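# structure for the following, please:
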Amino acid sequence: MALGLDDIQTLFERRGGEQYSGEPVTQLQHALQAALFAEQSGADDALVTASLLHDLGHLLQDLGESPTLRGIDDVHQYAALPFLRSVFPAAVLDPIQHHVDAKRYLCQARPGYQALLSADSQRSLALQGGVFDAAQAAAFIARPGATDAVRLRLWDDCAKQEDLRTPLLAHFLQRAARCTLAG
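Residues are numbered from 1 along each chain as shown. The predicted model follows:
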């Protein structure tokens, strides 16, 4: 079953008001902020859409609040892919799939990056396999979509601001419509 844009809107309407684990924002606020940062950075429609949808897997699962506190890696980076694969191209899907590994990469590649992660991101890092070693980091950054996943990850890290004003979901869904496989 594919998730069309109307389904994605409905999912955000139903579950977007839930707290983003351990952060001062909701799931929807986090998604909108990540997309806003992508847009402000001049990203194309596909990367803005990936930024909007990168954590959609959290909304498709019901693992309760802060699964990392219970030692659960929800593998959210993969959960939405089967629902989005027939709707969006690889330029949207690859950064979503690789944004968790981008965190593991950045911890290895950028001194001090790991210390800047929120408490929940620190916990999830350990559950997701920890920091890449140099060989893993080199292999990761060579993958298709890895550079965009790193950009998305950096916007993801910033998208936890309690009072940041963003455009509405409809604005970003219009951008998403321009990069659908049917569009």
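# now do the contacts for the residue nearest the centre of the chain.
In the chain, the C-alpha nearest the mean C-alpha coordinate belongs to His54, at 2.6 Å (Cα atoms, centre = their mean). His54 makes contacts with Ala31, Ala34, Gln77, Pro95, Ile96, His99, Leu152, Asp156, as judged by Cβ atoms under 8 Å, 6 or more residues apart in numbering. All C-beta atoms are positioned from the backbone trio N, CA, C, and that covers glycine.
# got TSV for those residues, with secondary structure and pLDDT too?
What follows is the contacts of His54, written out as TSV (DSSP: H, G, I helix; E, B strand; the rest coil; pLDDT from 0 to 100):
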residue	secondary structure	pLDDT
Ala31	helix	97
Ala34	helix	98
Gln77	helix	68
Pro95	helix	97
Ile96	helix	95
His99	helix	92
Leu152	helix	97
Asp156	helix	94
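# point out the other helices and strands that whichever strand or helix holds Gln136 packs with.
Gln136 is located in helix 134-141, with elements delineated by DSSP states H and E. Helix 134-141 is packed against helix 90-109, helix 146-158, with contacts defined by 3 or more Cβ pairs under 8 Å, 6 or more residues apart in numbering; DSSP states H and E.
# what is whatever helix or strand comes next after the longest one packed up against?
Same thing as helix 90-109. Counting by DSSP H and E, the next helix or strand C-terminal to helix 90-109 is helix 113-116. Helix 113-116 sits against helix 90-109, with contacts defined as 3+ Cβ pairs under 8 Å, 6+ apart.
# cool, thanks, signing off.
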